[in-house]
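J.: Please work out how this folds:
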Amino acid sequence: MRIYLEELVDQCHSRYHLRLLFPDSPFVLQFQCEKERYAISVSNRGCAVLRDGSRQSHFDIKGKEKDMLSLLTGEERLSQLIENGILEVKGGYRQLLFVESILWLTRSRVKEPVQV
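T.: Residues are numbered from 1 along each chain as shown. Below you'll find the model as predicted:
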């Protein structure tokens, strides 16, 4: 799980245009998989995986690790997983939209073949 979060942070750093979306003060996003907690901090000054997953967060996502991985790899959208009752979230609607935007825009892109 941590490897996928580090990849997410790397994507945040490599996609410079996304910094326009990031807040000035750090936004803490926490993931809870069964007994494990992970957190990332996102701001226009930088993004990082936090060592301590028990920090006060702005938005929480809770669910099974396999479902989190499908979210982090871009296979599934956050709103779809919530709607299907697979993941639970805690936070406001604005934060939900922000998190979904970050997760969608930082997903690793798979080149799809073009049929002519």
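J.: how many other residues sit next to I82?
T.: When neighbours are defined as other CB atoms under 10 Å, I82 has 16 of them. The way it works is simple: take the backbone N, C-alpha and C, and place the C-beta from them, glycine included.
J.: Now do the contacts for it.
T.: Counting by CB atoms under 8 Å, 6 or more residues apart in numbering, I82 touches E88, V89.
J.: cutoff 10 Å now
T.: I61, G63, E88, V89, L96, E100 (CB atoms under 10 Å, 6 or more residues apart in numbering).
J.: Shouldn't the fifth one be within a helix?
T.: Yes: read with DSSP: H, G, I helix; E, B strand; the rest coil, L96 is one of the residues of a helix.
J.: got the contact list for it?
T.: L96 neighbours (CB under 10 Å, 6+ apart): F59, I61, L78, S79, I82, V89, K90.
J.: Now the fourth one: closest residue in space, sequence neighbours ignored.
T.: This points to S79. Computed as CB to CB, 6 or more residues apart in numbering, the closest residue to S79 that is not its neighbour in sequence is E100, at 6.0 Å.
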